[in-house]
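1. Okay, here's the prediction I keep looking at, along with the sequence it came from:
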Amino acid sequence: FGSDWIETVDVSDDGNTWLGWNNGFTGTPGYFTAQGTTVTMLTAPAGFSAARVAAIDATGTAAVGGVRFGETVLERPTVWVNGVGTVLPALGDYQTSAFTDVATGGSIGVGLCRASLSGLTDTAFVWTSAGGMKTLADFLDDYGLALPSGVQVRELQISGDGTVLAGQWEANASGPSRGFVAVIPAP
């Protein structure tokens with residue numbers, strides 16, 4: 001890469017594929033997956049820039065994160081399957097949304113939204129290839145589950161099979177953080 005450092009971001013369950021970042025000291029910085037001697041750069045799809053990848057699935061075939069659009073720091077959630085990136089629409093009027101984790105195969109992703117045009121508070125989301133983008137609250141409601149009223153989710157992860165969501169929420173900015181786990185039927 002011509003980099004003076006490379007950092008690992010995540011690794012597949014079998015340890016054979018890893019997601020990494022290089023600083024591009026003498027080359028182009030960016031995220032990549034590596035398996036053996038094969039390296040696949042994860043670039044932003046046309047019309048977007050600054051790919052930022054957060055997680056790779058259990059098999060090492062799907063990675064998720066976000067990409068920047070325009071000259072701002074606004075992001076759209078993005079999934080890369082076998083190195084090919086697909087930018088997804090934002091949830092509602094949120095200007096910044098990015099994935100934080102992905103289930104095996106890339107058909108379910110979770111993430112966080114920030115910077116709403118209408119002043120909505122930060123919110124967590126769940127995306128499924130079958131059902132599209134929903135707030136975490138709406139997704140959990142579909143399964144008869146609920147978060148406590150008024151909490152803001154600050155971290156969100158998903159199990160490989162997509163049936164366990166885990167994260168951290170806060171009741172207010174000065175209050176303590178709490179962890180949570182939600183177990184749902186298989187999507």
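-> Noted; the coordinates are in hand.
2. Might you report the residue contacts of the residue most central in space within the chain?
-> Centroid-nearest residue in the chain, with C-alpha atoms, centre = their mean: Phe99, separated by 1.6 Å. Going by C-beta atoms under 8 Å, 6 or more residues apart in numbering, Phe99 touches 54-55, 64-66, 77-79, 109-111, 127. Yep, even glycine has a C-beta here, placed from its N, CA and C like the rest.
3. ok, 6 Å please
-> Residues near Phe99 by C-beta atoms under 6 Å, 6 or more residues apart in numbering: 54, 64-65, 77, 109, 111.
4. out of those residues, which are buried?
-> 54, 64-65, 77, 109, 111 (16 or more other C-beta atoms under 10 Å).
5. Out of those, which comes closest to Val84?
-> Val64 (12.9 Å; C-beta to C-beta).
6. so how far is Thr37 from that closest one?
-> As judged by C-beta to C-beta, to the nearest Å, Val64 and Thr37 stand 25 Å apart.
7. Next: Thr59.
-> 19 Å.
8. In terms of neighbours, single out the busier of these two.
-> Shown here are Thr59 and Thr37; by other C-beta atoms under 10 Å, Thr59 has more neighbours (15 against 5).
9. In terms of helices and strands, where is that one?
-> Assigned by DSSP states H and E, Thr59 belongs to no helix or strand.
10. Ile158 is in contact with Ala103, correct?
-> Yes: between Ala103 and Ile158 there is a contact under C-beta atoms under 6 Å: 5.2 Å.
11. Moving C-terminal from the helix or strand harbouring Gln168, which element do we reach first?
-> According to DSSP H and E, Gln168 maps onto strand 164-170. Downstream of strand 164-170, the first helix or strand assigned by DSSP H and E is strand 177-183.
12. who's in contact with the closest residue to Glu155 other than its chain neighbours?
-> Leaving aside its chain neighbours, Glu155 sits nearest to Gln168 (4.2 Å; criterion: C-beta to C-beta, 6 or more residues apart in numbering). If you count contacts by C-beta under 6 Å, 6+ apart, Gln168 has them with 154-155, 177, 179.
13. hang on, the earlier thing: quick check: mean pLDDT of the strand holding Gln168?
-> Strand 164-170 shows an average pLDDT of 92 in the prediction.
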